[in-house]
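In: Whatever this is, show me its structure:
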Amino acid sequence: MRIGELADAVGVTTRAIRHYHHLGLLPEPERLSNGYRDYGLRHAVLLARIRRLTELGLGLAEVRDVLADDAGKELGEVLAELDQDLARQEAEIRERRARLRALMDGGIGSEGPVSDELASLFRRTAHLADSPMAAKDREVLALIETGTRPEDRERFVSLISGSLSGPDGIERARAAYALLDDLADAEVDDPRVEAAATALVGSLPDGLLPDDREGIDLDSPFLRALYADFAPAQAEALRRAVELLLTRGRNSPAPPPGPPA
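Out: Next comes the predicted model:
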């Protein structure tokens with residue numbers, strides 16, 4: 001058989017056959033005097049087996065192991081491992097679909113997708129998002145959460161959420177947002193800058209910054225990028241708030257450099 005005839009007989013492409021030759025999965029046949037490859041039944045049987053194995057989900061490297069005379073694993077063992085891997089993928093897909101359904105049911109803001117915990121917090125404070133500063137804050141919180149180690153994310157969101165759970169938490173956040181919004185067109189030396197920074201610090205929870213704050217860089221690339229995204233007076237209020245946070249309660253942790261939730 002010529003390569004096209006072999007491809008038709010087994011139901012693969014000639015390109016696939018040449019690729020299998022290149023990888024060493026299918027041995028090259030002898031060539032006729034005219035230079036054409038001359039495939040026999042043995043090639044068709046082997047090619048059919050390669051096709052069946054790949055259709056089961058085996059990668060070509062795994063197929064090579066199965067076909068090799070000195071393969072370290074029997075076909076049954078390889079297929080059992082494949083079944084376990086597919087089961088793991090299936091579980092991961094179910095979990096991802098559940099998260100997608102939760103996001104679709106709860107609505108997806110411009111800052112999403114985020115963790116279930118932060119999404120829940122955003123839903124509880126959706127009425128605050130009318131403030132331009134509050135909307136920016138949600139984006140910053142989503143960014144901070146993304147960059148936080150997985151084992152610390154739940155604690156991070158819990159602390160932010162806890163600061164809003166008290167009787168005055170929401171009102172403190174609303175007041176801080178209003179002061180910051182008013183600085184959108186203000187000068188950097190506006191006296192309201194200090195008032196906004198103080199209100200911001202007062203609305204944030206304790207426990208988000210480490211006790212040892214000496215290594216915190218007030219001119220870090222992250223903070224520079226954060227300030228650059230705000231109007232000059234707003235950026236100055238945030239910068240001043242960071243300074244206040246680092247000096248507030250030296251013996252107890254303080255919150256991170258960002259607006260309240």
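
In: from here on, contacts and neighbour counts on C-alpha atoms
Out: Noted.

In: mind listing what's buried in stretch 21-38?
Out: The neighbour-count check on stretch 21-38 (16 or more other C-alpha atoms under 10 Å) flags 25-28 as buried.

In: ok, and what's touching that stretch?
Out: 1-3, 17, 20, 39-40, 43, 46-47, 63-64, 67 (C-alpha atoms under 8 Å, 6 or more residues apart in numbering).

In: what about it, how long is it end to end?
Out: 14 Å (C-alpha to C-alpha, to the nearest Å).

In: Also stretch 95-114?
Out: With C-alpha to C-alpha, one end of stretch 95-114 sits 15 Å from the other.

In: rewinding a little: pLDDT-wise, what's the bottom of the contacts of stretch 21-38?
Out: Least confident of those in the model: Leu67, at 79.

In: That one: neighbouring residues, count only.
Out: Burial of Leu67 is recorded as 18 neighbouring residues (other C-alpha atoms under 10 Å).

In: what pLDDT does the residue of the chain most remote from its centre get?
Out: Taking C-alpha atoms, centre = their mean, the residue of the chain most remote from its mean C-alpha position is Ser33, at 58.6 Å. The model reports Ser33 with a pLDDT of 90.

In: Then it would be within a helix, right?
Out: No - counting by DSSP: H, G, I helix; E, B strand; the rest coil, Ser33 is not part of a helix but coil.

In: Could you pull out the helices in the stretch 101-250 of the chain for me?
Out: 116-124, 132-147, 150-163, 169-182, 192-203, 221-228, 232-247 (DSSP state H, counting those that start in this stretch).

In: Using PDB, write out every CA atom in the third one.
Out: The C-alpha trace of helix 150-163 is given here as PDB (Å, rounded to 0.1, in the frame of the first residue of the first chain):
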ATOM      1  CA  PRO A 150      -3.800  31.500  48.600                       C
ATOM      2  CA  GLU A 151      -3.500  30.600  52.300                       C
ATOM      3  CA  ASP A 152      -3.800  34.300  53.300                       C
ATOM      4  CA  ARG A 153      -6.700  35.300  51.000                       C
ATOM      5  CA  GLU A 154      -9.500  34.200  53.300                       C
ATOM      6  CA  ARG A 155      -8.000  36.100  56.200                       C
ATOM      7  CA  PHE A 156      -7.500  39.200  54.100                       C
ATOM      8  CA  VAL A 157     -11.100  39.200  53.000                       C
ATOM      9  CA  SER A 158     -12.300  38.400  56.500                       C
ATOM     10  CA  LEU A 159     -10.500  41.400  57.900                       C
ATOM     11  CA  ILE A 160     -11.900  43.700  55.200                       C
ATOM     12  CA  SER A 161     -15.400  42.300  55.700                       C
ATOM     13  CA  GLY A 162     -15.200  42.600  59.500                       C
ATOM     14  CA  SER A 163     -14.400  46.300  59.300                       C
END
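
In: Thanks a lot, catch you later.
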